[in-house]
Structures are given as structure tokens and as C-alpha cells.
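**Student:** generate a structure from the sequence data that follows.
(one chain, ligands or ions: 1)
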Amino acid sequence: MLMAVKMIKVHGSGNDFYLLDQTQFPEPLNDQDLQQLAINICKRDGAGLYEGADGVLVVDKSEHPQVLGRMRVINADGTEASMCGNGLRTVARYLGTQNSQEAFRVQTMYADLKVQAVADFAKQVPAFSVEISPVSFDAQTLGMHANHDATTIINEKIPALSADLKFSAVAVPNPHLIAFVDHDTLVGPELGRIGKWMNDGQNDIFPDGVNVSFVEVLGKNSIFVRTFERGVGFTNACGTAMSASSLMYVLLHQESTDFNQEIHVKNPGGMVKTVVHQGADEEYWMELIGNATFVKIVMIPLSDALADDFSQASATVTGEQSAYEDFVATLTTA
Ligand SMILES: N[C@H](CCC[C@H](N)C(=O)O)C(=O)O
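**Tutor:** I've put the predicted structure just below:
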């Protein structure tokens, strides 16, 4: 039976995904098909489905109470991640609209996370706030073997990686390696060198890979985050990286920010806002607030997509992308 699959092309701050609601199928796809589908449709440079994507957000039913659905994250290379901050905002919009609810939880690999619709960032730029947690600095949770198997690395050099940069390693819960840098280093080749190396599948520092980010402090409650993502490469933005970077900004730069303050986080794809919290249980958690843009609705025969054949694909554009680009154009270049 030539079953068609409907997907929504979505993005959060330019980090783009195909959103695939598995409840459209009589039976959910198995992991192997999901992996193959992601590898096929995400390819860039015209080789994938339309412009490709950074990954696939798989939505399923959730068995948990007060939880409207479950999100799984498949990177463009087919690897599964435990969390996706930019993606969760788009899944929250999708489930909220489907169920006419604005505040609820979404099940992810390690936690049912709070999500909430917030005021549009601009005309036709809907926005959501999502919880980013749990947070851990533990090397074992991070899959990190550095500095003679140090149990944590917070604002320390990793001489094997760089003679002068200082790094912080934190899981939110996917793994992040973060360095605060000056502008020239932010835009220079070091991020690509370290990002490619730590995700080569052979290095013994992060055998399972890691998302690597450079952060420039722009001013009070204002940072710029550039990320080389595990399983993808350079992306316009990485929601969990921007949240993890905001946490390190609060912990290491109290001269220009603090807990419970709204931080403006710029990135190559636009801008989001974050707030860093420390709960009564001393645990850190972050709010990630940003756009949840639906670019177009795509239909394609499932067997074609699994066979890398996109000739029968069709798309209906929503018009939100031009509204998002107008919003980005209003961001000061400062
Ligand atoms: N590449 C990440 C998953 C996607 C996270 C990112 N797109 C976000 O918005 O948080 C990883 O393998 O941990």
C-alpha cells in the first residue's frame, strides 16, 4: 500500500527539522526505518527532501498522565539524542494546537518537561517557553574522559584540546562542551577543528561525541552562542547548547548576569531568551524561550522517502518563514 507520510518542516531559531507525528501510521515506524528516513531526508545541497534538515523530531503518544505527547530526536546522521531545545518548542506548538492547550508537559528520554505558549516574538512568529533539564556535570553522564578522567570539568583547560581555551562540560541532559571566547575566536576555525575531532567517532575524550559551543559575552545579560552539533555539524542554533551556555554564563560571569534574569542569546539563526533557575533542591534548570516556526507541510510516499526518492514529494508553504526573516532583520547587529 503506497502510504503517504505527512511531515511539518519546522525550526527554532533557524535550527530546522522535519516533525513526524507517528500517530498518523497504523503502526509506528521501527528504529531502523526512523534512522534511514532521517539520514535520507536531512541531506543538504539538494540531495535530501527539499532543503534537508538538521534532524527529525518524532512525535508519539505518551502513556504518562498530564503529558500530551512524546518527542524523540534523530540527528541528521541518524543518531538519537536525549533532548532538543529548539525542537521541543515546535513539538510543544504542534501538540498544544492539536489539544487546544497552552501549558502542559512533553515526555522526552529522561524527563517530562514543562512547556508553555508565550507571546509571539513578532507578527506571525509564535513563541514557546520550554524547560531544559535535568542538568549534570558528571563526566560519566557526559561520556567524557579528559584530564586524567576528571569527574567534572568546569572552567578548566583541556590541554589535549587547546593550549589556552578553558572549557566547561555539562549535560542538559545531552552533552555539551562550552568555552567563553573573544570575538575573533568565536568566528575563527578553532570551533570547527575541535567540533569535528570530538565527533569523529574515534577520539577517546568523547567517544560518543559532544555538542561544542563557543560563547562571546556581548554585554549585560547578552551572549552570542555558536555551536558545532554532534550528529549534524554547524547549525544556525542549538537550543540545549544555548541553555547550557546560559547556565555557565550565570555560574562564571556574575558580573554581568545572575539567576532568574532574562538573558538574550544571539546565534547565527536569530535570537532566543533564556532564564537560569536553581530549584529548592539545588538542581539547576533553564527556561528556553523562542520561536516555533512551521515553514511548510510536506507529503511524500513513505516507501519513496525510505528509498531516497523525493520525486513525488509535495509541499504547502505556511508563509511564516518570511515573517521570521522580517523578525531577524529587526535584531540589532550589536
Ligand atoms: N545534536 C544534539 C541533538 C539536537 C540538539 C539541538 N538541535 C537543540 O536544539 O538542542 C545531540 O546530539 O545532542
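
**Student:** what residue ranges in the stretch 1-150 of the chain score low on pLDDT?
**Tutor:** 1 (pLDDT under 70).

**Student:** hmm, 90 instead?
**Tutor:** Across the stretch 1-150 of the chain, residues meeting the criterion (pLDDT under 90) sit at 1-3, 65-66.

**Student:** do a quick rundown of the helices in it.
**Tutor:** 31-41, 85-99, 139-142 (DSSP state H, counting those that start in this stretch).

**Student:** next, the buried residues of the last one.
**Tutor:** The one in question is helix 139-142. 139, 141, 142 (16 or more other C-beta atoms under 10 Å). Every C-beta, even on glycine, is put in place using the N, C-alpha and C of the backbone.

**Student:** Serialize the helices of the stretch 1-150 of the chain to a markdown table and add fields for distance to the ligand.
**Tutor:** Formatted as a markdown table, the helices of the stretch 1-150 of the chain follow (distance: least, C-beta to the nearest ligand atom, whole Å):
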| stretch | distance to the ligand |
| --- | --- |
| helix 31-41 | 12 |
| helix 85-99 | 4 |
| helix 139-142 | 11 |
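
**Student:** return the most buried member of the ones you listed.
**Tutor:** Burial of the helices of the stretch 1-150 of the chain is given as mean neighbour count (mean count of other C-beta atoms under 10 Å); helix 85-99 ranks first at a mean of 24.

**Student:** in TSV: the buried residues of helix 139-142, plus distance to residue 169.
**Tutor:** Output for the buried residues of helix 139-142, formatted as TSV (distance: C-beta to C-beta, whole Å):
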residue	distance to residue 169
139	7
141	10
142	5
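
**Student:** so which of those residues is the closest to residue 114?
**Tutor:** residue 141 (21.5 Å; C-beta to C-beta).

**Student:** contact partners for the closest one?
**Tutor:** Residues in contact with residue 141 (C-beta atoms under 8 Å, 6 or more residues apart in numbering) are 171, 173, 175.

**Student:** give the contact list for the last one.
**Tutor:** In this case it means residue 175. So residue 175 contacts 141, 142, 143, 144, 169, 206, 208, 209, 210, 211, 230 (C-beta under 8 Å, 6+ apart).

**Student:** out of those, who's the most crowded?
**Tutor:** Counting neighbours by other C-beta atoms under 10 Å, residue 169 leads those with 29 neighbours.

**Student:** any chance you could list what contacts stretch 164-171?
**Tutor:** 134-139, 141-142, 144, 146, 152-158, 161, 175-181, 185, 190, 210, 244, 247-248, 251-252.

**Student:** now the buried members of these.
**Tutor:** Buried among these by 16+ other C-beta under 10 Å: 134-137, 139, 141-142, 144, 146, 153, 158, 161, 175-181, 185, 190, 210, 244, 247-248, 251-252.

**Student:** ok so residue 246 is a helix residue?
**Tutor:** Yes: counting by DSSP: H, G, I helix; E, B strand; the rest coil, residue 246 is located in a helix.

**Student:** that one touches residue 277, doesn't it?
**Tutor:** No: the criterion here is C-beta atoms under 8 Å, and residue 246 misses it with residue 277 at 10.6 Å.

**Student:** what helices or strands is the longest strand seen in the chain leaning on?
**Tutor:** The longest strand of the chain (DSSP state E) is strand 112-122. Contact analysis of strand 112-122 by 3 or more C-beta pairs under 8 Å, 6 or more residues apart in numbering; DSSP states H and E lists helix 85-99, strand 103-107, strand 125-132, strand 284-291, helix 320-330 as its packing neighbours.

**Student:** could you redo the last one with a cut-off of 7 Å?
**Tutor:** helix 85-99, strand 103-107, strand 125-132, helix 320-330 (3 or more C-beta pairs under 7 Å, 6 or more residues apart in numbering; DSSP states H and E).

**Student:** export the helix or strand encompassing residue 168 to PDB, keeping only CA atoms.
**Tutor:** Using DSSP states H and E, residue 168 maps to strand 166-171. Output of strand 166-171 as PDB, limited to C-alpha atoms (Å, rounded to 0.1, in the frame of the first residue of the first chain):
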ATOM      1  CA  LYS A 166      39.100  27.000  29.200                       C
ATOM      2  CA  PHE A 167      36.100  24.600  28.900                       C
ATOM      3  CA  SER A 168      33.000  23.600  30.900                       C
ATOM      4  CA  ALA A 169      31.300  20.200  30.300                       C
ATOM      5  CA  VAL A 170      27.600  19.900  31.200                       C
ATOM      6  CA  ALA A 171      24.700  17.600  30.200                       C
END
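
**Student:** pull the distance from that strand to the chain's centre.
**Tutor:** Distance of strand 166-171 from its chain centroid, counting by C-alpha atoms, centre = their mean, to the nearest Å, is 17 Å.

**Student:** didn't residue 277 look like it was pressed against residue 259?
**Tutor:** Yes: at 6.4 Å, residue 277 and residue 259 qualify as touching, with contact defined as C-beta atoms under 7 Å.
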